[in-house]
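Asks: requesting a structural model of the entry that follows:
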Amino acid sequence: MTKFKKVLLFCHRWLGFISGLVVFIVALTGCIFCFQDEIQDAMYSHRHLVRQSSGYLPPSAMVASVKKAYPKATSDFIYYFGEERPAGVYANMGKDGFEIVFLDPYTAKITHHEKPQNNFFTIVEYIHLYLLLPPAIGSWVVGGSTIVFIVIMITGIILWWPKRKSDRKRSFTIKWGGRWRRINYDLHNVLGFYATSIAIILALTGLAIAFQPVSRAIYNTANLGSVDYDKEVTEPKSDSLKRSGLAKEPVIDIAFAYARKHVPEAEMFLIHNDPAVSGAIGVGGYAKSMHYSHATGFEFDKYSGKLLKEYIYEKKSAGLKLNEMNYDIHVGQIGGITTKIIAFLASLICASLPITGFIIWLGKRKKTKKAKTKPERTTSHRKTHRHLQVKPGA
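Replies: Just a heads-up that it's a prediction; the model follows:
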């Protein structure tokens, strides 16, 4: 082995020790989260309803229904998940935390409510993002381990890549008929090779979701630095000094009606209605329910209802489109069930790599100890042994 590869092996091994446990937890929780929508749809009846011909009630009706049930609540986000799904209100309960309230979008009747922290998949998501540590700490622990993992995957490919073309075909398959240590070795190397490209994509999209500098770097790279990031993504603010022309109806209703008219093909709508901030009221129309890419958005003055800014999907830069795909790529739903299965398998393989790698290291360590404790035979001993085996008179 060359000095260069010895250095790579040292880095690969010890970086694996440093990040292995975190990588295992993050990959396993990511694997579980991949099919969270499908699992919850199968488990919970409140996630479905029958489509009505009457059409959606306006967001103000949803807010009024939640306010009646929870007088102290402020409705920060309002979701219309689809014509055969309930609407949802993300209600801020003050000291009591947040409550997700599900309503029939045709009648505004509350059908279910729950605290996010009591949902199994929300807990899985928080483990995946923060290891249940405080977000300011957990995001850096997970992010740092993710960066280390990318380095490990790249060094692993360099170390494993066969020199001779004749060995490559053999190196791409698992020898199931071999001893268990050989099978473990192949599981680590062969599966690691096949999962590397997907794993790196999942890692980079995760970093982009967690860290603004990574997201911005992807944005600039995709746009070749030709688009002003701040100008494209900065949200406008309502002018609190100009309240003379107050809207005659709730601005959230104006925003929702405008979005439905201008994005009629959208299956899902999200309205941002945080009264505690000076930002405008925003509404986004999403092409597919439960998917967060391919969105067209609008921002309205929260006092007058005046349209302040548009984010038309077709006019967005390549970098912004790519950043908005981060979540869908990260959970594997960007291409439907096929990419979900690919993301699931890649995450499962990534969770297995620290285990199979540790077993390989443990096996080599035992071999080294055994070799050191085994007594060496000298040349004279071997000659004496051969001499004693010679028959007299031979």
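
Asks: show me what the lengthiest helix in the chain is packed up against.
Replies: Secondary structure of the chain per DSSP state H: the longest helix is helix 337-373. Secondary-structure packing of helix 337-373 (3 or more Cβ pairs under 8 Å, 6 or more residues apart in numbering; DSSP states H and E): helix 3-33, helix 180-210. No exception for glycine: its C-beta is placed from N, CA and C like everyone else's.

Asks: tell me what angle it forms with helix 3-33.
Replies: Angle of helix 337-373 versus helix 3-33, following axes from the mean of the first three to the mean of the last three Cα atoms, to 10 degrees, is 130 degrees.

Asks: grab the nearest non-local neighbour of the residue nearest to the spatial centre of the chain.
Replies: Closest residue to the average C-alpha location of the chain: H330 at 4.0 Å, with Cα atoms, centre = their mean. Take H330 and drop its neighbours on the chain: the residue closest to it by Cβ to Cβ, 6 or more residues apart in numbering is T205, 4.1 Å away.

Asks: got it, and I349?
Replies: Here the residue nearest I349, using Cβ to Cβ, 6+ apart, is A195, at 4.1 Å.

Asks: contact partners for that neighbour?
Replies: Neighbour list for A195: 345-346, 349-350 [criterion: Cβ atoms under 8 Å, 6 or more residues apart in numbering].

Asks: and which of these is nearest to I254?
Replies: I254 has its nearest neighbour among the contacts of A195 in A346, at 43.9 Å by Cβ to Cβ.

Asks: and the gap between that closest one and K340?
Replies: 11 Å (Cβ to Cβ, to the nearest Å).

Asks: in terms of neighbours, single out the busier of those two.
Replies: A346 (25 against 18; other Cβ atoms under 10 Å).

Asks: ok now stretch 196-212, how far from the chain's centre?
Replies: 8 Å (Cα atoms, centre = their mean, to the nearest Å).

Asks: show me where the protein has its helices.
Replies: 3-33, 36-43, 59-69, 120-130, 135-160, 165-171, 180-210, 212-223, 229-233, 251-262, 318-324, 326-330, 337-373, 379-389.

Asks: nearest to K309 among those would be which one?
Replies: helix 229-233 (10.1 Å).

Asks: can you find the helix or strand in this protein with the smallest mean pLDDT?
Replies: helix 379-389 (a mean of 46; mean pLDDT, DSSP states H and E).

Asks: what's the domain layout of the chain?
Replies: 1-51+116-226+330-368, 53-105+228-316 (automatic domain parsing).

Asks: so for E324, which of those domains sits nearest?
Replies: From the domains of the chain, taking Cβ to Cβ, the stretch that ends up closest is domain 53-105+228-316, at 5.2 Å.

Asks: state the mean pLDDT of that closest one.
Replies: Averaging pLDDT along domain 53-105+228-316 gives 90.

Asks: how near is the closest residue to I359 other than its chain neighbours to I174?
Replies: Nearest non-adjacent residue to I359, counting by Cβ to Cβ, 6+ apart: N184, 5.2 Å away. Distance of N184 to I174, given as Cβ to Cβ: 10 Å.

Asks: now do the same contact list for the spatially closest residue to N223 that is not a sequence neighbour.
Replies: Taking Cβ to Cβ, 6+ apart, and ignoring the residues beside it in sequence, N223 has G319 as its nearest neighbour in space, at 4.0 Å. Taking Cβ under 8 Å, 6+ apart, we find G319 in contact with 218-223, 227, 229.

Asks: can you give me the neighbour number for the nearest residue to I254 once chain neighbours are set aside?
Replies: In space, and not counting its chain neighbours, I254 is closest to G305: 4.3 Å by Cβ to Cβ, 6+ apart. Applying other Cβ under 10 Å, we find 20 residues neighbouring G305.

Asks: was I right to think G305 contacts A247?
Replies: Yes: with contact defined as Cβ atoms under 8 Å, G305 counts as touching A247 (3.6 Å).

Asks: what do these two both touch?
Replies: I254.

Asks: quick one: residues contacting the nearest residue to A351 once chain neighbours are set aside.
Replies: Nearest residue to A351, sequence neighbours excluded (Cβ to Cβ, 6+ apart): A27, at 3.8 Å. Residues near A27 by Cβ under 8 Å, 6+ apart: 347-348, 350-351.
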